[in-house]
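Novice: Sequence first, then the predicted structure:
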Amino acid sequence: MSVETTQDESFKNAHVLDPAATAVSQEEISEEINDIHESYRQEVLAGKKPETQPRVDFAPYRSSLLRHPTKDLHHTDPETIELYSPAFGQRDVHALEADLTIQHNGEPIGERIVVAGRVLDGDGRPVANQLIEIWQANAAGRYVHKRDQHPAPIDPNFTGVGRAITGPNGEYSFTTIKPAPYPWKNHHNAWRPAHIHFSLFGTDFTQRMITQMYFPGDPLFALDPIYQSITDQDARDRLVATYDHSITSHEWATGYNWDIVLTGSNRTWMEDEEGDH
Amino acid sequence: MAQAPELKLVPTPGQTVGPFYGYALPFEKDNELVNQAHPNSVRLHGVVTDGKGEVIPDALLEIWQADENGKVVSRDGSLVRDGYTFTGWGRVAVDNVGHYTFTTVNPGPTEEGKAPFIMLTVFARGLLNRLFTRIYLPEDTAALAKDPLLASLPEDRRQSLIAAREEDGSLRFDIRLQGENETVFLSYPREN
């Protein structure tokens, strides 16, 4: 298989990907995914610790082939700057930026939803006063982006970008429109499950992450090499929001809950250790 | 170094930034930690390349660093820059030829005798999770020789973390995601 997927891409020619790659069928991609998952299950049965993050080397997602490091990550103890994180506040983000349905003159088309939850660190502590950024496709599965040229309508009343600063208990809430699935060029007849991109900061910059939140019961989950790059079912489930009727509001919007857990802060325990000397 | 304590919760998985962040994540002056007119402003630049040495036109980078005196600041105002407040953080989407530029200052050593470095995070379409690395300043060779991370790397890999100082004072730091001279990417305690 040829892997020259980036050479001819440009803003004008956004969907020129390797024709050979797009000739690959869903069945072939699904088989590759199943093979990787099956060997992972065997490893876990043999005593390997469950994986919690996506593999960066995941061939069914063709764009990853030349874009993942081949050497292991080098383990290091964080120092100074790595134990802190940039600060964001009300100066950076207006409270109204968390409502993606009021950014234009009219109401966007689609299913109005509220996505709310908390940002916690690996010790279960709320991550307060930190920046969350989201972006997403509209109710037709179209992004407001020059590179997204697939034939679905742009909604003049929906940009699909939001920001918020977490509250004192790490809480956030976005009002938006439920995004639709959309086609992409990984293989023939490839469709992404509906998702919202989330960008998150913690108390240490080593906790920085970008991820995607999905909706419960999406029939495209099993077919999607990006979602399935997480080999462990429990880990994959952590990206799926829960329908929450207590977030749903009368005659207004349905509600989803999604809590996000960042990695552990290193500042506290390393400082405690310094104090021991 | 003692063992890092176990996590109580399992971290949420990351996912690729995808191809469509361009209308969402960049913002005005995102790559200007200081104004170009700042007397000590320094250009930090380079290219991001893949396993074939081809440039990656859809990567997003963030840096986080101490100020000129080695002080770690904690100030808001990164997203709405006033041109005066140094917040230590910046973001840039690479251009069509995979090139990036930050306008910043040389970070000072955070402790006497320590090698100053800038922390870098890489996101890209095709990259399923973010990558972390360090950009060391090249000047203090004594401090570089003593640095615990650099000392733990073979010589040929160490160089991938040390920026080059160009004639005009710019720092050049290329990022190779894969292949020959692959950049050293880092993991930290308490990731799972």
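Specialist: Cool, got the structure.
Novice: And the residue nearest to B:L153 when sequence neighbours are not counted, what's its pLDDT?
Specialist: Spatially, and ignoring its direct neighbours in sequence, B:L153 is nearest to B:V184 (6.2 Å; CB to CB, 6 or more residues apart in numbering or on different chains). Every residue, glycine included, has its C-beta placed from N, CA and C. B:V184 is assigned 98 on the pLDDT scale.
Novice: which residues touch B:V184?
Specialist: By CB atoms under 8 Å, 6 or more residues apart in numbering or on different chains, the contact set of B:V184 is A:K71, A:H74, B:T133, B:L153, B:R157, B:R158, B:S160, B:L161.
Novice: again, 7 Å this time
Specialist: The contact partners of B:V184, by CB atoms under 7 Å, 6 or more residues apart in numbering or on different chains, come to A:H74, B:T133, B:L153, B:R157, B:S160, B:L161.
Novice: now, among those residues, which is nearest to A:Q149?
Specialist: Nearest to A:Q149, judged by CB to CB, of those is B:T133 at 33.6 Å.
Novice: outside of the one helix or strand that closest one maps to, which residues touch it?
Specialist: With elements taken from DSSP states H and E, the one containing B:T133 is strand B:131-136. Contacts to strand B:131-136, defined as CB under 7 Å, 6+ apart, come from residues A:69, A:206, B:115, B:117-122, B:144, B:149, B:161-163, B:173, B:183-186.
Novice: With just CA atoms, put it into PDB.
Specialist: Output of strand B:131-136 as PDB, limited to C-alpha atoms (Å, rounded to 0.1, in the frame of the first residue of the first chain):
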ATOM      1  CA  LEU B 131       3.400  14.300  22.200                       C
ATOM      2  CA  PHE B 132       5.600  16.200  24.700                       C
ATOM      3  CA  THR B 133       9.200  17.200  24.300                       C
ATOM      4  CA  ARG B 134      11.700  19.900  25.500                       C
ATOM      5  CA  ILE B 135      13.500  22.500  23.500                       C
ATOM      6  CA  TYR B 136      16.800  23.200  25.200                       C
END
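Novice: Can you list phi and psi of B:G113 for me?
Specialist: phi 90, psi 0 (degrees, to the nearest 10).
Novice: how about the nearest residue to it, chain neighbours excluded?
Specialist: Using CB to CB, 6+ apart, the nearest residue to B:G113 is B:A143, at 5.8 Å.
Novice: Please apply the same query to A:W135.
Specialist: Leaving aside its chain neighbours, A:W135 sits nearest to B:A24 (3.4 Å; criterion: CB to CB, 6+ apart).
Novice: And the pLDDT for the one you found?
Specialist: Here, the pLDDT recorded for B:A24 equals 97.
Novice: Then A:E274?
Specialist: pLDDT, A:E274: 65.
Novice: Nearest to the middle of chain B, which residue? Look it up for me.
Specialist: For chain B, B:L120 is the residue whose C-alpha lies nearest the centre (CA atoms, centre = their mean; 2.0 Å).
Novice: Okay, that one and chain A: tell me how far apart.
Specialist: 10 Å (CB to the nearest CB, to the nearest Å).
Novice: Show the contacting residues for that residue.
Specialist: Applying CB under 7 Å, 6+ apart to B:L120 gives the contacts B:L61, B:I63, B:T133, B:R134, B:I135.
Novice: hey, C-alpha coordinates of the helix or strand it falls within in CSV?
Specialist: For B:L120, the host element (DSSP H and E) is strand B:117-124. Coordinates of each C-alpha in strand B:117-124 appear next as CSV, following Å, rounded to 0.1, in the frame of the first residue of the first chain:
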residue,chain,number,x,y,z
PHE,B,117,14.3,24.7,28.2
ILE,B,118,10.9,25.3,26.7
MET,B,119,8.2,22.7,27.0
LEU,B,120,6.6,21.7,23.7
THR,B,121,3.4,19.9,22.9
VAL,B,122,2.7,18.5,19.4
PHE,B,123,-0.8,17.8,18.0
ALA,B,124,-1.5,16.8,14.4
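Novice: What strands line up against it, and which way round?
Specialist: Each strand paired with strand B:117-124, and its direction, by DSSP bridges: strand B:59-64 (antiparallel), strand B:131-136 (antiparallel).
Novice: Could you point out the helix or strand that follows the first one?
Specialist: Right, the one you point to is strand B:59-64. Following strand B:59-64 in sequence order, the next helix or strand is strand B:89-93 (DSSP H and E).
Novice: what's the angle between whichever helix or strand comes after that next one and strand B:59-64?
Specialist: In the C-terminal direction, the helix or strand that comes right after strand B:89-93 (DSSP H and E) is strand B:99-104. Between strand B:99-104 and strand B:59-64, the angle comes out at 20 degrees (axes from the mean of the first three to the mean of the last three CA atoms, to 10 degrees).
Novice: does A:D234 count as helix, strand or coil?
Specialist: helix (DSSP: H, G, I helix; E, B strand; the rest coil).
Novice: residue contacts, it?
Specialist: So A:D234 contacts A:P50 (CB under 7 Å, 6+ apart).
Novice: So which bits of the helix or strand of chain B with the lowest mean pLDDT are buried?
Specialist: The helix or strand of chain B with the poorest confidence is helix B:155-158; it has a mean of 93 (mean pLDDT, DSSP states H and E). For helix B:155-158, burial by neighbour count (16 or more other CB atoms under 10 Å in any protein chain shown) applies to B:R157, B:R158.
Novice: what does stretch A:157-174 give?
Specialist: Buried residues in stretch A:157-174, counting neighbours by 16+ other CB under 10 Å, are found at A:157-166, A:170, A:172, A:174.
Novice: quick one: low-confidence ranges for chain A?
Specialist: Applying pLDDT under 70 to chain A flags residues A:1-21, A:274-277.
Novice: show me where chain A has helices.
Specialist: Here chain A has its helices, by DSSP state H, at A:19-22, A:26-45, A:233-237, A:267-276.
Novice: Contact partners for the residue lying closest to B:T110 once chain neighbours are set aside?
Specialist: Distance criterion CB to CB, 6+ apart; nearest residue to B:T110, sequence neighbours excluded, is A:T80 at 3.9 Å. For A:T80, the contacting residues are B:A66, B:V72, B:T110, by CB under 7 Å, 6+ apart.
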